[in-house]
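Novice: Fold the following, please.
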Amino acid sequence: MPWLPARFVVVVIFSMWSLTQPNVHGGSRYATPYTNRSGQPAHGHRRWKLRSTLWKHRRNMRKLDFTSKKILAIYSTRYHRFKKASSGWEEGLVDFRFLRSVKRNKNRHRYISTSESIGFYDLTSRQLRRYHGELAKKYGIYGFAVYHYWLDGEPAMQAPMELMLKDGEPNIPFSFIWVSEAQKTTGDISLEAARSTNQSYDRNDWKLHFDWLLKFFKHPNYIFFRGCPLLHILSAESVADLKEVTQQWQEWARNEGFEGLHFAQLNGFAKHPSAYMLQQGMDSIVEHQPHYQHALGRNLHEMLRLKNASTSYFRGISTSFDSSLQDGRAADSTSIKLMHPASFYYWLRQVLAMTEHGGFVYINAWNEWLEGAAIEPTIQMGRKWLRAVKRALVDERSGYFSELLPDGHPKTIPLRPAGVPLVKSSTPTHVCIVGHSTGFFNLHQTLSSLLQLEHQHWDAFVVNTDPAPFPQINSILSEYNSTGKFHMTNLQATKEFEEDYDHPYALLDEAIAQHCLGPKFDWILATNGDNWYTPDALNFLDISHDIILMNFYTRYMVMNSVRRIGRKEEGNCCIRLDEDICLFSNLKLGAVDLGAIVFRAARFRSEGIRFLNVSQVSKKKCPKYGGCHDGAMADHLRQQGWLFKSHPVDVCAFHHNSNPTSCDMVGGIWIDSLDPGKVGCYDYEYFDQHLPEVNIQVFQASKKACFC
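Specialist: This next block holds a predicted model:
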């Protein structure tokens, strides 16, 4: 038998209607899952792992060596005993005593706490400092930006760094951050007022201060930028005679054989907008997060879209922040909730992509326990933030990051081949795309995923299946239509059918009849406009079968993997999310999705297949949702003897959005629940602002939902 031509049509329905279903919840209606979940629960929470299907190539990586873009974690040396200073610092003040005595802040948020075998530590311990350096390098952190204080003509809290000069630990690149702002201190956590400790700017101290720094500048691990030692100044605008200080230090540095110093100002909270401009004597700007984000009142996506004209501008990110502990729980203290590792990963991945080669990205912080900012292991989060750092580095280095829309949301999605075997064919394949959608999972992402298909012979036809106006649809299509593969149809949903579940399928039937049943095409694929396909999704078109099924990432396995027996429930949602949420497709209701079915066009045409023909059966089988036409059609075709074949097990080429895996890829937070109306992917800001009652403790204690 000669090899038959295998032309192919895919009908994709992009619809706002699809986004109104109960699978997505919240103001953002995007999905933002955690791809990296693994292992056994630690302290009642999941460990974050690399998903085997999407990220298995990373497991073979033994060492991260990314020298082009460097991550610096802000490091505090305050955790040790030190002498009392006359300016107001108390002996032994900044240790872990407060963390031992206080569990929640004024907003009832829990403080993060150290975990593993370290507990509350003393940085004068060589072994502890060695552990910090080795752990940071293991997860791809290039070095530490170390806080440095100069009080009353001498350094303060300097013992760990001076010990480093003697014993070499932590053996990791480092630079200093001169904390020039006034520091609030209190010896009693219950006090509402705090005393201020002012830094010393006396001209007589300039040389003493420089000479103390000089021995570190000459250390082989000290970080240089553009040939000069890198020195940061926090709140540079508060330094008296800043221009004269920096000029004098530049001269002294050149006298010592350096090309000069590179001064970087950390922008955080400031009393006046001018403080965010590059100050005289400074060479670059660093975002000190979350202070900078909080001061500007910007959310995560708005921060990502910010442009800066500075020749040296370094991005910063953070996990959380809480000043109420060292501010004595004062009324004006700032408290920002913990950032979920998925949002943290996405933020870091994107700012790495924005960073020029040779530049830095700053994480606040490695161990700012008294400010609720620490990425070293915690009881609450384990090593999830560290794993997020490593994963973001690997992805950005591999080119897997998102191009952004003007509003800062993802425009493209970094999709890897799933491992679909290739069935060779002598003729092209065509795709027919119908519909539209908006949001985090949007038409941009779907069209870009189709353009990345390895099987490039297809045509796509788009129809609007929602009565709401979508004036941008033509401009979006033209943006991706350099190949001429995308075509806009004249089909349009009407207001009369807004509540009719049959209406999108009526439009689908019409689109297939108009564009996909001619002799040009041999295969038909119908999908929604918020779904994604991996580059190899259409490689497996076996003409000896009537239907090819794709395995897919879905929320259904999460929602349906709990059973109720009486009033008791079996199944733990956090453990369920540890699994690869990849559904092995079968041609029956509940085991397949419309976008995962590829139909042979010839049989589809000869038997007069129409989705409206299964409408009544669909509504009887799924009355709660108004119908399930794709599942009802699958049952019907199986009964009619259609031969089908699925992709190999655990090869997931299709993302039925929203789902936990895709949610993770766009930086959102996935919430699992037995209530379908709550299951979905939440934007971090929406989650933080509109669901204040949702937190780790509530979800872990609840049998109905979980936050993992």
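Novice: where's Gly590 relative to Glu244, distance?
Specialist: Counting by Cβ to Cβ, to the nearest Å, the gap from Gly590 to Glu244 is 74 Å. (Each C-beta comes from the backbone N, C-alpha and C, glycine too.)
Novice: Sorry, slip of the keys, the one I care about is Ala632.
Specialist: 79 Å.
Novice: Who has more neighbours out of these two?
Specialist: Ala632 (22 against 14; other Cβ atoms under 10 Å).
Novice: Now that one: phi and psi?
Specialist: phi -60, psi -40 (degrees, to the nearest 10).
Novice: dump the residue contacts of Gln289.
Specialist: Gly316, Ile317, Ser318, Tyr362, Asn364 (Cβ atoms under 8 Å, 6 or more residues apart in numbering).
Novice: Backbone dihedrals for it, please?
Specialist: Dihedral angles for Gln289 - degrees, to the nearest 10 - are phi -90, psi 160.
Novice: where does it sit relative to Pro341, distance-wise?
Specialist: 16 Å.
Novice: same thing with Lys485?
Specialist: Lys485 sits 37 Å away from Pro341, going by Cβ to Cβ.
Novice: Out of the two, name the residue with the larger neighbour count.
Specialist: Set Lys485 next to Pro341 and count neighbours by other Cβ under 10 Å: Pro341 wins out with 28 against 21.
Novice: That one contacts Trp385, correct?
Specialist: Yes. Using Cβ atoms under 8 Å, Pro341 is in contact with Trp385, at 5.8 Å.
Novice: next SSE after the strand ranked longest in the chain?
Specialist: Counting residues, the longest strand found in the chain (DSSP state E) is strand 143-151. Scanning forward in sequence from strand 143-151 by DSSP states H and E, the next helix or strand is strand 154-156.
Novice: and that next one, which strands flank it?
Specialist: Taking DSSP bridges as the criterion, strand 154-156 forms sheet pairs with strand 143-151 (antiparallel).
Novice: So what touches the partner strand?
Specialist: So strand 143-151 is contacted by 70, 72-78, 85, 87, 89, 136, 155-158, 161, 170, 172-179, 183, 197, 199-200, 205, 209, 212-213, 221, 223, 232, 234, 362, 366 (Cβ under 8 Å, 6+ apart).
Novice: In helices, which of the residues you listed fall?
Specialist: Among those, DSSP state H puts Ala136, Met161, His209, Trp212, Leu213 in helices.
Novice: Show me the two of these that sit farthest apart.
Specialist: Spanning the widest gap among those are Ala136 and His209, at 27.3 Å by Cβ to Cβ.
Novice: So for these two, which sits in the more crowded spot?
Specialist: Ala136 (25 against 20).
Novice: Please tell me how far the more buried one sits from Ile363.
Specialist: Ala136 is 10 Å from Ile363, by Cβ to Cβ.
Novice: which neighbours do those two share?
Specialist: Ala73.
Novice: Give me the below-cutoff pLDDT ranges for the stretch 451-600 of the chain.
Specialist: 495-499, 556-580 (pLDDT under 70).
Novice: ok, which stretches of the stretch 301-450 of the chain are helices?
Specialist: For the stretch 301-450 of the chain, the helices defined by DSSP state H, counting those that start in this stretch occupy 341-354, 384-397, 443-451.
Novice: For Thr412, find the nearest of the ones you listed.
Specialist: For those, proximity to Thr412 was assessed by Cβ to Cβ; helix 443-451 is nearest, at 4.4 Å.
Novice: burial measure for the closest residue to Leu123 other than its chain neighbours, as a count.
Specialist: Closest residue in space to Leu123, ignoring its immediate chain neighbours: Pro160 at 4.0 Å, by Cβ to Cβ, 6 or more residues apart in numbering. Neighbourhood size, Pro160 [other Cβ under 10 Å]: 25.
Novice: Repeat that for Pro519.
Specialist: 10.
Novice: swap in Pro406?
Specialist: Around Pro406 there are 7 residues (other Cβ under 10 Å).
Novice: Show the pLDDT at the closest residue to Val239 other than its chain neighbours.
Specialist: Spatially, and ignoring its direct neighbours in sequence, Val239 is nearest to Ser180 (4.9 Å; Cβ to Cβ, 6+ apart). You'll see Ser180 listed with a pLDDT of 82.
Novice: low-confidence ranges in the stretch 201-350 of the chain?
Specialist: In the stretch 201-350 of the chain, residues with pLDDT under 70: 201-202, 268-275, 291-299, 307-311, 323-337.
Novice: Show me where it has its strands.
Specialist: Applying DSSP state E, counting those that start in this stretch to the stretch 201-350 of the chain gives strands spanning 224-225, 228-234, 262-267, 284-287, 313-318, 321-322, 335-336.
Novice: What is the third one packed up against?
Specialist: Put plainly, it is strand 262-267. Packing partners of strand 262-267 (3 or more Cβ pairs under 8 Å, 6 or more residues apart in numbering; DSSP states H and E): strand 224-225, strand 228-234, strand 284-287.
Novice: between it and strand 143-151, how many degrees?
Specialist: Inter-element angle recorded for strand 262-267 and strand 143-151: 80 degrees (by axes from the mean of the first three to the mean of the last three Cα atoms, to 10 degrees).
Novice: Direction included, what does strand 262-267 pair against?
Specialist: Applying DSSP bridges, you get strand 228-234 (parallel), strand 284-287 (parallel) as the partners of strand 262-267.
Novice: Columns mean neighbour count and distance to Met277 on top of those, output as TSV?
Specialist: Converted to TSV, the strands paired with strand 262-267 look like this (neighbours: other Cβ atoms under 10 Å; distance: least, Cβ to Cβ, whole Å):
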stretch	mean neighbour count	distance to Met277
strand 228-234	24	14
strand 284-287	24	9
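Novice: May I see those strands arranged in JSON lines, with distance to Arg555 as well?
Specialist: Formatted as JSON lines, the strands paired with strand 262-267 follow (distance: least, Cβ to Cβ, whole Å):
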{"stretch": "strand 228-234", "distance to Arg555": "44"}
{"stretch": "strand 284-287", "distance to Arg555": "35"}
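Novice: Which one, of those strands, ends up nearest to Ile524?
Specialist: Short answer: strand 284-287, nearest of the strands paired with strand 262-267 by Cβ to Cβ, at 49.2 Å.
Novice: Now tell me what touches that closest one from outside.
Specialist: By Cβ under 8 Å, 6+ apart, the list of residues contacting strand 284-287 reads 225, 232, 262-267, 276, 278, 293, 308, 310-316, 360, 362.
Novice: cool, and stretch 619-634?
Specialist: Applying Cβ under 8 Å, 6+ apart, the set of residues contacting stretch 619-634 is 21-22, 501-502, 505, 587-594, 597, 609, 611, 614-615, 617-618.
Novice: which of those residues count as buried?
Specialist: Among these, the ones that count as buried by 16 or more other Cβ atoms under 10 Å are 501-502, 505, 587, 589, 591-594, 597, 609, 611, 614-615, 617-618.
Novice: and which of those residues is nearest to Ser662?
Specialist: Asp593 (13.2 Å).
Novice: my guess is the closest one meets Phe552, correct?
Specialist: Yes. Taking contacts as Cβ under 8 Å, Asp593 lies within contact range of Phe552: 5.9 Å.
Novice: what touches both of these two?
Specialist: Common neighbours of Asp593 and Phe552 (Cβ under 8 Å, 6+ apart) are Ser585, Phe654, His656.
Novice: after the helix or strand where the second one lies, next one along is what?
Specialist: Okay, so that is Phe654. Under the criterion of DSSP H and E, Phe654 resides in strand 652-655. Following strand 652-655 in sequence order, the next helix or strand is helix 660-665 (DSSP H and E).
Novice: Can you name every helix or strand that that next one contacts?
Specialist: helix 341-354, strand 551-553, strand 652-655, strand 669-673, strand 680-682.
Novice: Tabulate those (TSV), appending distance to Lys520.
Specialist: Putting these into TSV (distance: least, Cβ to Cβ, whole Å) gives the following:
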stretch	distance to Lys520
helix 341-354	40
strand 551-553	27
strand 652-655	24
strand 669-673	41
strand 680-682	37
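Novice: I am finished for the moment; much appreciated.
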